[in-house]
Structures are given as C-alpha cells and as structure tokens.
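**Student:** Curious how this folds, go ahead:
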Amino acid sequence: MLTDRFVISSPRSSLAKKNLVASLQGACVFTFLLSSLLGATLASAQQTVLTLREAEFRNRWAGPQEDRVATPQYFEPGGGLDYAETETNAGLEKEVGFEESLDMMAENIQRGLRFGPLDFNLGLSNGWEYSSQNSFGGNTDFNNSNSFFTAPTLGIVYKREVGVWNVSARFGSGYRYYYNPSYTAAGIDSQRNPLSMTGAVDIGYNTSRLSVNLNASVSSGTGYDPVAGANNLQTTTSGGLSIRYIISEELSTGGAISATYSNTADAQVAPGETAQPNSNSLTEGASLFADYMVTPKSNLRFVLTAGQDLQDFEGGISEGRRYFDAMLLLTYQFAPKLSVDAGGGAGYVLDQNIPDPEYTGFRPVYNLGVNYTPTEKTYFKARFGMQGADVKPNFSLVAGWDVREKTRLSLSLYQNQGFSSLSPDQYNITRGILGTVAQRLLKGINISFSAGYEQSEYVSLTSEKLTNVVEGPASYWLANASLSWRLREWLGWQNTIQFSTGQGQSAQMQTSFNTSLNLTF
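**Tutor:** I've put the predicted structure just below:
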C-alpha cells in the first residue's frame, strides 16, 4: 500500500491488559485490530525508522527535532533515559541555599514560558568541539581542528483537545556558532555555523463512525550527507490526509493522500571533485480501500493505489516514475499484542523521460508485516514488501527493549530507495543498521553507545549505458559514546566522542569530540 512505505504506528501502544476477563478479550482484540488498520492508512509525514544517513546528517543540529518520532534516544543526552530526578522531599523543610534559589529561579522562568496549551522551551549550550578532518575530509592542525561554540535553541509545543477534535503543533530550531573562523568541520561559508529548523502539525477529527487525520512536517538544515559524500543543505516538507468511515460493524472504507517534497542544494565538494547539481524530488500518491472484518481477530482489505515519484536537476533535466497498484491484504490478530498482515496483488509502472526504461510494465506487488508489543517496555515491528515505484524490495525493522529502569536497547534495520540526487536515470538503494545502548550509571549520570553501518547501491533505470555517472561513497560507518551528567533539572553536561568513515573521498578515519554545558528552560 501507499502509506505502508512510510508509516509504522507507535511502538508504545497496548490496548489489552493482562487482567481483562475472558468476556472482554474479544472486544479488545477487535479494537486493537481496528486501530492498527486505521494507523496503516495514515499518510503521516513522520518516519519511525532512523537511518544512519539521517543520524549523521543531523549530528550537529541543536534544539528539539519535532518533525519525527522515531528513536528519539539517539538524539537525546544519555540515550533518552529519564534521568531528571527530583531531589526535594515534600515532608521536610530545609533551608533555601544558593542551589535551591537557582532552581526556584529556573522554575519561575519555565512557568513564564507556558501560556495555557502553548509551551515555549528555551535552551543555550556552550562548549568546545574537536574534529580531525574538515568538511572536505582534509586533515586538520592545531589552528583549525577545534573551536569553542554557542548554540541557542527554541522549542514551541501546542496541544489542544476540544470534543472530537485534537490538535498538536510542534516547532524546534537551533543555531550553532563556532568562534574559530578557521574551524570548518561543519562546512564552509553559509554552512560553517549550522542552522536547523523542524516542525510538525497533527489535526484529528474522530467520532464513532468517521475519523479524519491531517498531518504535516517540515525540516531544513545543513550537515554531512554520507550518501552524497559531501556537506549540503536539505529541505523536506511532507503532508498527508487520511479518512476512514465505518459503515457497519464489519465494513468500513476510506482513503489517503500524501506528498513529500525534498530539495538538496549547495553541495560543498572538495576542490577538483565533480560538482553536485541542486536537485528537487516530489513523491505523491493516493489510495482507496475497503475493509471487511471477517472475525474479531481478522480483517480483509482491498486497496487501490496510484502515485508518482518525480525529480529534476539544476539545468532542466527532469524524470519520473508513475505507478498503479491493486492489493488484497489480510491482517490477523494472533494475540492481543501480536498481529501479522500479509497480502499481494498486481502493479503497473510507467517511466517519464527515462530512455529505454528497464523497470516498467506489469509486476507483482506484495507486503508482509509483524507488530509485536509484549510489554510496555518492549516492541518489535518489521515490514517487508515491494510496491509503488520500487525496483527492489524494501524492508524495515524497529525494535526496543527497556531491559530494566536504567537500561535501554534500540535497533533500526532498513532498506529504502529513491531517485539518486547525484545523477539522472538511476535509483539509490540504501541499506543499513543502527543500534543504541543506554545505561544509567549513577543518579543523574548516563552513558550511551551507538554504532551503525550503511551501504549504497546505484541501479540504472535504463538499459542504455550511462555516461558521466556520479556516485557517492559505497559505504559509511560510525560509532560514538556519550556521557551526560544532569547537574540540575535545568542544567546538564554532555560529552560525546565519535569515530566514523572519513568525509568526502578521504580514506582515513575521522575522530570528533564535543563537550558542552546545556541550559534548558
């Protein structure tokens, strides 16, 4: 289906409790199954499988990242463990000292930033950063290998529920300024001091029969793109609308539309390397479906999908792939917390402005998914399929396990594809793995380890021999360790060291270190 390519519902939901009596189990399974099917129709702009490419690209982004909901612990201090513990004892009176006075001042500032459903969050980081390479992959010396920096951040959250309506809007932004003008690890010129912005809006209308969900997200910022092998500016905006109407207890119908626009610009390649043109891509689609609840544990869905992937390069080169799919999908609830869906059908693909196309015509489409949430602290979601404009199967797996209160594990495994932003008439297929382990050592002190590996494969969409083809690095890896200390509720100390593949065409490993004191209100 159209939306299954982009969305996996939240791993934390659980609609059946262990102490339910047998008479209520059937109803709970029915509700869970209905919710899962509704979630599958949402053309949500938020992705849930974190890729190594995105993790590296956003490595220097400051502030909250509100356009996505997946694997937040990778971007948060200490692996995202809730290490902010209160130190007050309600039944004890103690003398107010200097630290307590600062806590009261910070709390007053936080209260002043809340206006009913509107919540503002301000932050300021001051620190020092070292990198063994500049943004071109060249070696650095004492003068240009390090710099002090300041990073102000802003977050805005709005949440409101009124009757059958619910609205959520989020915005995050950050700017990192390096005081050493010779330090160019994050880029040169306008990219030397990274500026990032993210945002998302979700609007829902839900009654007993009709559900309407509208969501949109946007992100913009600079960073190192491992697939392109260069620093660049990427701007992405996505939107989706889904509608579901329950006709009877067994029968329902609905549809979804979605669109994602991406722009890649200002690629900063090393002197002497081939310049990378600016590119734009647009992915859009629509689907209609009909559901029949065969039993309280099983649902049969028929879905029709149509869409297209478009891309154009600076200089007037444009191309696209258009597809039409018809699929029959069966979802079965084996247990209150385990569901499996499988289906297949036929699809047809047309290429636009691609000479002698290689991947067009009729072909089978299929999809297989597993959703398992045995406890509130454990989740496992996997999906495998080929549909739409795919030239090879896509797959994704996201899993997490809170081993105990102080230990968290998370894993992302994926393969995805789309038009290459480097050359026309070719697809870029990326597959990779990324994992994180977070551990609370002492009260307020956390440590986390992350590692990942990603491969890139370029597939020609034409049977003709391509000339002057530009391809990025074939693979990329990274490993980092982070130590964070929550000094106060509003004050933290963060230290991160990372080792990774050298930037650009460098064959040497890159080492970077970052230490900062972070204020959050």
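
**Student:** Can you tell me how far the residue lying closest to residue 454 once chain neighbours are set aside is from residue 283?
**Tutor:** Using CB to CB, 6 or more residues apart in numbering and skipping residues adjacent in sequence, the residue nearest residue 454 is residue 432, 3.2 Å away. Every C-beta, even on glycine, is put in place using the N, C-alpha and C of the backbone. The gap separating residue 432 from residue 283 is 20 Å, by CB to CB, to the nearest Å.

**Student:** and what of residue 242?
**Tutor:** Residue 242 is 16 Å from residue 283, by CB to CB.

**Student:** got the buried residues for the helix or strand harbouring residue 122?
**Tutor:** Following DSSP states H and E, one finds residue 122 within strand 118-131. Neighbour-count burial for strand 118-131, counted by 16 or more other CB atoms under 10 Å, picks out 121, 123, 125, 127, 129-131.

**Student:** Can you list the buried residues in stretch 502-521?
**Tutor:** Using 16+ other CB under 10 Å as the test for burial, stretch 502-521 gives 502-504, 506, 510, 512, 514, 516, 518-521.

**Student:** Tell me the confidence at residue 210?
**Tutor:** pLDDT recorded at residue 210 is 96.

**Student:** Do I have it right that it meets residue 245?
**Tutor:** Yes. Residue 210 lies in contact with residue 245 (CB atoms under 8 Å); the separation is 5.3 Å.

**Student:** Buried residues in stretch 263-272, which are they?
**Tutor:** Using 16+ other CB under 10 Å as the test for burial, stretch 263-272 gives 263-270.

**Student:** And these, which is closest to residue 142?
**Tutor:** residue 270 (21.7 Å; CB to CB).

**Student:** can I assume the closest one is in contact with residue 504?
**Tutor:** Yes. Using CB under 8 Å, residue 270 is in contact with residue 504, at 5.1 Å.

**Student:** Between the two, which contacts overlap?
**Tutor:** 136-137, 230 (CB atoms under 8 Å, 6 or more residues apart in numbering).

**Student:** Of those, which is the most crowded?
**Tutor:** residue 230 (26 neighbours; other CB atoms under 10 Å).

**Student:** Show me where the stretch 51-200 of the chain has its helices.
**Tutor:** Here the stretch 51-200 of the chain has its helices, by DSSP state H, counting those that start in this stretch, at 52-57, 98-112.

**Student:** Mean pLDDT lowest where, among those helices?
**Tutor:** Mean pLDDT is lowest for helix 98-112 among the helices of the stretch 51-200 of the chain, at a mean of 74.

**Student:** tell me the angle of it relative to strand 118-131?
**Tutor:** 120 degrees (axes from the mean of the first three to the mean of the last three CA atoms, to 10 degrees).

**Student:** What helices and strands are in contact with helix 98-112?
**Tutor:** Helix 98-112 sits against strand 475-488, with contacts defined as 3 or more CB pairs under 8 Å, 6 or more residues apart in numbering; DSSP states H and E.

**Student:** Tell me the spacing between the closest residue to residue 477 other than its chain neighbours and residue 56.
**Tutor:** Distances taken as CB to CB, 6+ apart put residue 453 closest to residue 477, at 4.5 Å, once the chain neighbours are dropped. Applying CB to CB, the value for residue 453 to residue 56 is 12 Å.
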